[in-house]
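Participant: quick one: sequence and predicted model below, then my questions.
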Number of protein chains: 4
Amino acid sequence: MGAPSPGAAEQRGRPRSQRARVAVLTAAAELMVSGGFADLTVEGIAAAAGVGKQTVYRWWGSKADVVVEAVAEGYLTLPIVSLGDAGDLRADLAAWLRGIRSAIEEEDAARLVEAIMSALASAGETSEAIHQSLIRPIMAEIDSRFREHDRAHPGALPGPPSFLAETVGAHLLLHVMFGWPLGEERIGQLLDLVAPAAP
Amino acid sequence: MGAPSPGAAEQRGRPRSQRARVAVLTAAAELMVSGGFADLTVEGIAAAAGVGKQTVYRWWGSKADVVVEAVAEGYLTLPIVSLGDAGDLRADLAAWLRGIRSAIEEEDAARLVEAIMSALASAGETSEAIHQSLIRPIMAEIDSRFREHDRAHPGALPGPPSFLAETVGAHLLLHVMFGWPLGEERIGQLLDLVAPAAP
Amino acid sequence: MGAPSPGAAEQRGRPRSQRARVAVLTAAAELMVSGGFADLTVEGIAAAAGVGKQTVYRWWGSKADVVVEAVAEGYLTLPIVSLGDAGDLRADLAAWLRGIRSAIEEEDAARLVEAIMSALASAGETSEAIHQSLIRPIMAEIDSRFREHDRAHPGALPGPPSFLAETVGAHLLLHVMFGWPLGEERIGQLLDLVAPAAP
Amino acid sequence: MGAPSPGAAEQRGRPRSQRARVAVLTAAAELMVSGGFADLTVEGIAAAAGVGKQTVYRWWGSKADVVVEAVAEGYLTLPIVSLGDAGDLRADLAAWLRGIRSAIEEEDAARLVEAIMSALASAGETSEAIHQSLIRPIMAEIDSRFREHDRAHPGALPGPPSFLAETVGAHLLLHVMFGWPLGEERIGQLLDLVAPAAP
DNA sequence: GACTAAACGAGACGGTACGTCGCGTCTTTCA
DNA sequence: TGAAAGACGCGACGTACCGTCTCGTTTAGTC
């Protein structure tokens, strides 16, 4: 239509400062890594970002919201290794799980995970956002691999690819939340369960 | 013997008040259910229990500790149905999972789970305690059933009983944390995975 | 001259909006009466006037300035009865003082006086303006009457007319500030002091 | 009575800290003198006193209350010269008024008066307290002198002693509030009014 | 009639202080 | 010496306004 693009915001007043927005997210990410979620304060974020406290509350409502957006926007990321495709599903998965283990055992990543879990727990309504930005990527990685394998060998998997991916993710979550080590034996059991060797 | 029983602490001064102890745990349990972990305060517990704040700190150290003990002592329990043994593992498991689903979908139980998750997330050091008192009982229920089935039909299960129990528990955790419904399809997939029908 | 009137600023750009000016003063006056000076805010004035905050700051600089101008322009007035001239100075003054008393005891006027006092106290530099617009009119009323009496009966007054007017004003101020009632006895004493009956 | 004194407080819990109380009043007095009432903040008082903000709010409710108590307890005092008695009422009063003038013109006293006025204006309900501790002492000084003079020379004064004292006080208030100088001429007029020389 | 320039409304910005809540500690009296 | 009561220093909360700073939008002159 010749009319001005519909839905174009009739923007009134001073527009939102991107500088402030980025500064808040960056500061939150840094403070999260250095001190964890529990020690994080809105006041601290605002100070570190060189921003008024009200600016945080104007756009976010709570420290959990800030963290969620920081995660969603990639200011906080888990160093997830990508799942290779060397032809052997079991071997690929095993290598990937060992990579995850390393990442989790590393100091920063552990703190990050714990922090994200806290954010999630204290803000149930935003759990979907966290799921989308944190859990989903992890599962997506193996999901596609499962899917591909399923196409190549129909009926060989013990369940739908996405379900298997979630099974792996659920186990990882369990280990992370309770601080259990992800040992070789456990990896073996997991592989036997979701990607049994062809008999 | 004339001597005080050996090893028995020669306790001096006024002994710990059981009245106060029970009142604190009871109050904590009630406040937890009615308001969740985040809204719980030591001050609130003490007031509701008719107890001095110092008394709480003398014996517990933090609100998480109180909750953990309340859970451990059974002041806070999930209404877990027990896993029957009607001869068919799949059928028994299915019934049990549906029972869990009902419990989770009920208002109070959902709040309790969320609260316990928060306690866990905000107090990593007590996670083991929470695991022992909250997660373990759930898993124990199915674990023993898996174990029994394994004895009866060696080699029929796709993994060690305790591992399979954890797999089920992990999935439940995933659903609870992200508020996913535990549908029939998902239950079926889970059963196919951990208790495949004999071919 | 054909040239534009000399000294008249060659004003460029949009001229000051009288609509906005009046709206601000009116809003300030209303808010002053309804809530007092302490509860008055620039933000509130701007909102009530349907005006941008910047517009207030562009022309006034502080809420005290706005109030001062509102008083000066007559948007806020004390309902002062005028001092009659029935031939008897004492009787006229007594009637006038009783009128003042009624005005002060009325709800709105009391609030107004208190508000103006606050404005005065919190903005010493504008005290002269407030004096001019608030105190002076009151004194002027009796001042002229004293003056006239002095001309008719030289030497009869116990001091210069303006000084006597200020004495009356000072007493009124004292009563207003400390919330003392202006009783008949006090009125009598005041009259005896500034307008003694001829012996 | 043998019983514990009736009305004796059954004091429970930690008693109020006198250290904190004195520190707050002292800090408030100092900040008042150095910065005035407008620049005074509860936060600032608490910080300067080495006291939690809550402690201030627990006992005082507002900065005005603190100031009022500081004045009432003598942490803030006007350097009032005492009214001598050299036999001549007019001469004594004149000397005393000149002393007041010096005190007012001095920097600290001026600020103090202004501050107290602000406190008064912003806290109408406490005006009586301020009157008692600030205005009354000034008036009491001359009141007793007037009274004595009235006993010695009955009928010589143009009004009751306390009324005349208030007249002087009211004039002083007027001068202080509007920053008018208290000149010799004005002092003379005042004396003529309240203590006319015997004819 | 286009151009310029200032005032306008709106509202976000970095700040300061507010008054409240809860922390974990300390200091009383009572049992 | 434990327990109740409750004040203490402290730190963060979320809100209210401050006075300033963009924005896009009038609303006059002036070219």
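Facilitator: Done, it's in. Numbers count the residues shown, from 1 in each chain, chains lettered A, B, ... in the order given.

Participant: now do the SS call for whichever residue of chain A sits closest to chain C.
Facilitator: Chain A approaches chain C most closely through residue A:13 (9.5 Å), counting by C-beta to the nearest C-beta. For glycine as for every other residue, the C-beta is placed from the backbone atoms N, C-alpha and C. Following DSSP: H, G, I helix; E, B strand; the rest coil, residue A:13 is assigned to coil.

Participant: how many neighbours does it have?
Facilitator: Residue A:13 is flanked by 6 other residues according to other C-beta atoms under 10 Å in any protein chain shown.

Participant: could you report the pLDDT at it?
Facilitator: If you check residue A:13, the pLDDT there is 91.

Participant: how close does the spatially most central residue of chain A sit to chain D?
Facilitator: The residue lying closest to the centre of chain A (C-alpha atoms, centre = their mean) is residue A:134, at 1.4 Å. Separation of residue A:134 from chain D (C-beta to the nearest C-beta, to the nearest Å): 39 Å.

Participant: tell me how far that residue lies from residue A:75.
Facilitator: Per C-beta to C-beta, to the nearest Å, residue A:134 is found 12 Å from residue A:75.

Participant: what do you get for residue A:158?
Facilitator: Going from residue A:158 to residue A:75 by C-beta to C-beta gives 38 Å.

Participant: could you measure the residue nearest to the centre of chain A against residue B:178, distance?
Facilitator: Look at residue A:134 and residue B:178: by C-beta to C-beta, they are 11 Å apart.

Participant: please name the nearest non-neighbouring residue to residue A:191.
Facilitator: Spatial nearest neighbour of residue A:191, excluding adjacent residues (C-beta to C-beta, 6 or more residues apart in numbering or on different chains): residue A:90 at 5.3 Å.

Participant: which element is the one you found on?
Facilitator: helix A:89-105 (DSSP states H and E).

Participant: cool, residue A:29 as well?
Facilitator: Using DSSP H and E, residue A:29 falls within helix A:18-35.

Participant: need phi/psi at residue A:191.
Facilitator: The phi/psi pair for residue A:191 (degrees, to the nearest 10) reads phi -60, psi -40.

Participant: wait, doesn't it sit right on residue A:95?
Facilitator: No. The pair residue A:191 / residue A:95 is not scored as a contact, 11.0 Å apart, by C-beta atoms under 8 Å.

Participant: which one's more surrounded, these two?
Facilitator: Taking neighbours as other C-beta under 10 Å, residue A:191 and residue A:95 compare with residue A:191 leading, 18 against 15.

Participant: can you tell me which residues contact the more buried one?
Facilitator: A:90, A:93-94 (C-beta atoms under 8 Å, 6 or more residues apart in numbering or on different chains).

Participant: residue D:42 versus that one, what's the distance?
Facilitator: 64 Å.

Participant: what about the strands in chain A?
Facilitator: Counting by DSSP state E, chain A has no strands at all.

Participant: domains of it: list them as residue ranges, please.
Facilitator: As assigned by automatic domain parsing, chain A contains the domains A:18-72, A:89-194.

Participant: at contact distance from chain B, anything in the first one?
Facilitator: Yes. In this structure, domain A:18-72 sits against chain B according to C-beta under 8 Å from any C-beta of the partner chain; the contacting residues are residue A:38.
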